[in-house]
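**Q** got a sequence here, can you build the structure:
(one chain, ligands or ions: 1)
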Amino acid sequence: MSRFWSDHVVNLAPYTPGEQPKIADLLKLNTNEHPMGPSPLVLEAIRAAATDSLRRYPDNESTALREAIAALHGLDARQVFPGNGSDEVLAHIFNGLFRRGDRPLLMPDVTYSFYRTYCRLYDIPCRTIPLAEDFSIRVSDYTAGHPAQPAGIIFSNPNAPTGIALGLADIEAIASANPDVPVVVDEAYVDFGADSAVALLERCGNIVIVQTFSKSRSLAGLRVGFAMASQEIVDGLVRVKDSFNSYPLDTVAQAGAIAALRDQAYFDQAREAIIETREYLTQQLATLGFEVLPSRANFVFARHPEHEGGALSRALRARGVLVRHFSLPRIEDFLRITVGTRSECERLCNTLSEIFLKTH
Ligand code: PMP
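**A** Model (predicted):
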């Protein structure tokens, strides 16, 4: 790399996103996208916004969107911080809230791998805490026995890629044991059956919740995510954001996201469909001999006692089915499989049966 770059940049290993292939008839169950697509009202709102307002700059405070999110969660709009997907919101959080010199950020050893990338990017020391034997987060590890002054704590709930969720009492225990540092709960998948920590915000002023429109609202392409926290924390994030990019959300994204929040009936129906299909997929995989972790997300995390994860994902890919495999310690046996439609899940299971028949 050019001599202009510091070692810090030269040694930065960027986050590797799930593959977005261009091949037709590939079954894509690797990036936890929603199979149904967004509400038709979203498309109408986007068309109207594009027709009326593209020549103008967007509302740089995303006022109507923040008000709609706040109304849904019983908050004040000043407690909502939107961004271009939750990845961008997380970047502002790492940049603004977790840079505390030598103090480490605590996180599970198995969680969303972007967190480690952000630690490297923003020079934040990170201390990973092993998940329990059953891959759940052991609450006592975060309430005692860690360095007296961490920079903060972050985990996903449900955790990714395990799909296992913590209950609210556990999250409250972690937040109240660390009252002086931010505890960030990444709820990208919360709508598929876990409880949101929004209910704790009033009691625990150090909790920061991050959600996205990419999963349960089926709008990954629109890039809308947001944080919810105390007004004081959001004010700080706004300062970080304004120094970085003061027009985070374009007009079309704001209009589409607001319309998605308005169509509650569509949202409920799409979410129920995923939860029902997840139970079906879990059962089918168990019948094929997989151990499937109990998921509250729109994906399942599963391993087979006789088939190595990497080999299995390659065999699936060769037959046109994409799933996610992580070559990481502790989880290299596992596959993370997005819950698609019922017929997509049937195709996945039939393909797995075919592979197993061939290898026996
Ligand atoms: N958090 C978690 C746990 C995720 O899995 C993802 C999606 N890869 C994100 C955040 C980011 O989602 P988005 O930027 O699309 O909102």
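**Q** count of neighbours near Leu219?
**A** Neighbour count for Leu219, taken as other CB atoms under 10 Å: 24. C-betas here are computed from N, CA, C, even on glycine.
**Q** so who does it touch?
**A** Applying CB atoms under 8 Å, 6 or more residues apart in numbering, we find Leu219 in contact with 38, 42, 213, 256-257, 260.
**Q** let me know the pLDDT of the nearest residue to Pro125 once chain neighbours are set aside.
**A** Nearest residue to Pro125, sequence neighbours excluded (CB to CB, 6 or more residues apart in numbering): Pro104, at 4.3 Å. Confidence at Pro104, expressed as pLDDT, is 96.
**Q** quick one, phi psi at Pro104?
**A** The phi/psi pair for Pro104 (degrees, to the nearest 10) reads phi -80, psi 150.
**Q** and Arg56, by the same measure?
**A** Dihedral angles (degrees, to the nearest 10) for Arg56: phi -100, psi 160.
**Q** let me see the contact set for it.
**A** Thr251.
**Q** show me which residues of this protein sit near the ligand.
**A** Contact residues, the chain versus the ligand (CB under 6 Å from any ligand atom): 85-87, 112, 156, 160, 186, 188, 212, 214, 220, 225.
**Q** by mean pLDDT, which helix or strand of this protein comes out lowest?
**A** Within the chain, no helix or strand scores below helix 7-10, which has a mean of 70 by mean pLDDT, DSSP states H and E.
**Q** circling back to that earlier point, among the residues of the chain next to the ligand, which lie within strands?
**A** Taking DSSP state E, the ones among those that sit in strands are 156, 186, 212, 225.
**Q** ranges for the strands of the protein?
**A** Using DSSP E, the strands of the chain run over 27-28, 80-83, 105-108, 126-129, 152-156, 183-186, 207-212, 225-228, 291-292, 299-303, 321-322, 334-338.
**Q** for the ones you listed, which one sits closest to Leu237?
**A** Of all the strands of the chain, the one in closest proximity to Leu237, counting by CB to CB, is strand 80-83 (4.8 Å).
**Q** residues making contact with that closest one?
**A** Contacts to strand 80-83, defined as CB under 8 Å, 6+ apart, come from residues 62, 65-66, 69-70, 89, 92, 224-229, 234, 237-238, 241, 248-249.
**Q** which non-adjacent residue is nearest the residue positioned nearest the centre of the chain?
**A** In the chain, the centroid-proximal residue (CA atoms, centre = their mean) is Ala188; its distance is 3.5 Å. Take Ala188 and drop its neighbours on the chain: the residue closest to it by CB to CB, 6+ apart is Thr212, 5.0 Å away.
**Q** output the lengthiest helix in the chain as CSV, restricted to C-alpha atoms.
**A** In the chain, with assignment by DSSP state H, the single longest helix is helix 264-287. Presented in CSV, the C-alpha positions along helix 264-287 are these (Å, rounded to 0.1, in the frame of the first residue of the first chain):
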residue,chain,number,x,y,z
GLN,A,264,-48.4,-2.2,11.0
ALA,A,265,-50.7,-4.9,9.6
TYR,A,266,-48.2,-5.8,6.8
PHE,A,267,-45.4,-5.8,9.4
ASP,A,268,-47.2,-8.2,11.7
GLN,A,269,-48.1,-10.6,8.9
ALA,A,270,-44.6,-10.6,7.5
ARG,A,271,-43.1,-11.2,10.9
GLU,A,272,-45.5,-14.0,11.8
ALA,A,273,-44.7,-15.7,8.5
ILE,A,274,-41.0,-15.7,9.3
ILE,A,275,-41.5,-17.0,12.9
GLU,A,276,-43.7,-19.8,11.6
THR,A,277,-41.2,-20.8,8.9
ARG,A,278,-38.3,-20.6,11.3
GLU,A,279,-40.0,-23.2,13.5
TYR,A,280,-40.6,-25.4,10.4
LEU,A,281,-37.0,-25.0,9.3
THR,A,282,-35.7,-25.8,12.8
GLN,A,283,-37.7,-29.0,12.8
GLN,A,284,-36.7,-30.1,9.3
LEU,A,285,-33.0,-29.5,10.1
ALA,A,286,-33.3,-31.5,13.3
THR,A,287,-34.8,-34.3,11.3
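**Q** appreciated, that's everything.
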